[in-house]
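Chemist: Need a 3D model of the following:
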Amino acid sequence: MKLLLADSQHSLGVALEHELEREPFNLLQPDGKSLDWADAGAVSAYVAEKRPDLVINNLGWGDSAASAYQTLIPLAAKHLARACAERQVPVIQLSSYRVFGDDNKSKHSERDEPEPNSDLGRAFLAAEQAVLGAQECSLVLRTSWVIGSYGDNLLTRLLSALQDGQPWHLNSRLRGAPTALSDLARVTVALVKQISCGSDCWGVYHYCSGDACSEVEFAEQLAEILRQQDYPVATPQWQVVDETASEVPVSAVLSAQRIRNDFGVQARTWRTYLLPMIKQWMHTNQE
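Modeler: Numbering: from 1, shown residues only. You can find the predicted model right below:
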């Protein structure tokens, strides 16, 4: 099976590449120097030449608003979706809880109508619509907060602040289901394998950790592990606010029932991933 991974340079792409190395796929990994994703003709020509059997589109995706390429997200999705539809190539589009907005729901399901409250959320939604509207064989995978030992995410920001002697800025109202980069990559590859074996399930799916928490609860767990492991770091200084955050959905918790029913994917807790990620971050940054 020939698989096109649109971005293998940034955090999710690195995790996906690492997971795919274990599988017998012929992996295509074009970079921005060899392929201009903003050029519809170039994208169409590349797909026509390479003839992938399936595409994972994570272009522009970022762990946070600061690390996402907002203009690239909908543009690349539109060009890829059209090129793949012409050749009936299935597409998996990586998306985000940010397509939801200011509603008061504690958990979002695939049936909920997206109403983004930010430019980034609108970019993700436009990408979803472009892919789903191009052909039937398209799958959108939304996720919650994504954490890892690299990239720009809640975990790395808290550890960096601690290393620099800065306080932890947290909002007690924000809730999510922290999902490890490696866990999200595991699930994405599981979908690829089932599609390659003939699965005919398409549309919008959610995946996130089965263990929801607030930003404060996540930081408390992080602080507890640092104490238990006796890491030589300063005691965290907390700055906690209880207020509505602008341009961020209050809840990043997603229902993952559909992906469990259709693909048999079981949600894992983020807590088992936390210590290995902390150790990796410490090892990298202490050097």
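Chemist: what does the average pLDDT come to for stretch 183-198?
Modeler: Average pLDDT, stretch 183-198: 96.
Chemist: same question, stretch 204-215
Modeler: On average, stretch 204-215 scores 97.
Chemist: Could you work out the end-to-end span of that stretch for me?
Modeler: End-to-end distance for stretch 204-215: 26 Å, by CA to CA, to the nearest Å.
Chemist: just how off-centre is that stretch within its chain?
Modeler: Once both centres are worked out by CA atoms, centre = their mean, to the nearest Å, stretch 204-215 turns out to sit 11 Å from its chain's centre.
Chemist: Residue 51 is in contact with residue 2, isn't it?
Modeler: Yes: counting by CB atoms under 8 Å, residue 51 does reach residue 2; the two are 6.7 Å apart. For every residue, glycine as well, the C-beta is placed using N, CA and C.
Chemist: Do you have the helices of the protein handy? List them.
Modeler: Applying DSSP state H to the chain gives helices spanning 11-20, 40-50, 72-86, 119-134, 154-163, 181-196, 215-228, 257-263, 271-286.
Chemist: Show me which positions of the shortest one end up buried.
Modeler: Put plainly, it is helix 257-263. 258, 259, 260, 262, 263 (16 or more other CB atoms under 10 Å).
Chemist: Can you name the residues that contact the third one?
Modeler: With contact taken as CB atoms under 8 Å, 6 or more residues apart in numbering, residue 260 is in contact with 266, 267.
Chemist: on that earlier part again, now do the shared contacts for residue 51 and residue 2.
Modeler: Here residue 51 and residue 2 share no contacting residue, scored by CB under 8 Å, 6+ apart.
Chemist: In CSV: the helices of the chain, plus distance to residue 111.
Modeler: As requested, the helices of the chain are exported to CSV (distance: least, CB to CB, whole Å):
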stretch, distance to residue 111
helix 11-20, 26
helix 40-50, 32
helix 72-86, 22
helix 119-134, 14
helix 154-163, 27
helix 181-196, 20
helix 215-228, 27
helix 257-263, 9
helix 271-286, 29
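Chemist: Which among those helices is found nearest to residue 101?
Modeler: helix 119-134 (6.6 Å; CB to CB).
Chemist: Check the burial of the closest residue in space to residue 133 that isn't next to it in sequence by counting its neighbours.
Modeler: Spatial nearest neighbour of residue 133, excluding adjacent residues (CB to CB, 6 or more residues apart in numbering): residue 81 at 7.6 Å. Look at residue 81: counted by other CB atoms under 10 Å, it has 25 neighbours.
Chemist: Check the gap between residue 81 and residue 87 for me.
Modeler: 12 Å (CB to CB, to the nearest Å).
Chemist: cool, residue 36 as well?
Modeler: 20 Å.
Chemist: can I assume the residue nearest to residue 133 is in contact with residue 128?
Modeler: No: the pair residue 81 / residue 128 is not scored as a contact, 10.1 Å apart, by CB under 8 Å.
Chemist: Could you list the low-confidence segments of this structure?
Modeler: 287 (pLDDT under 70).
Chemist: Kindly recompute the last result at 90.
Modeler: 31-34, 38, 63-66, 102-104, 229-235, 244-246, 285-287 (pLDDT under 90).
Chemist: residues touching residue 57, list them.
Modeler: Contacts of residue 57 (CB under 8 Å, 6+ apart): 6, 76, 77, 80, 91, 92, 93, 94, 127, 131.
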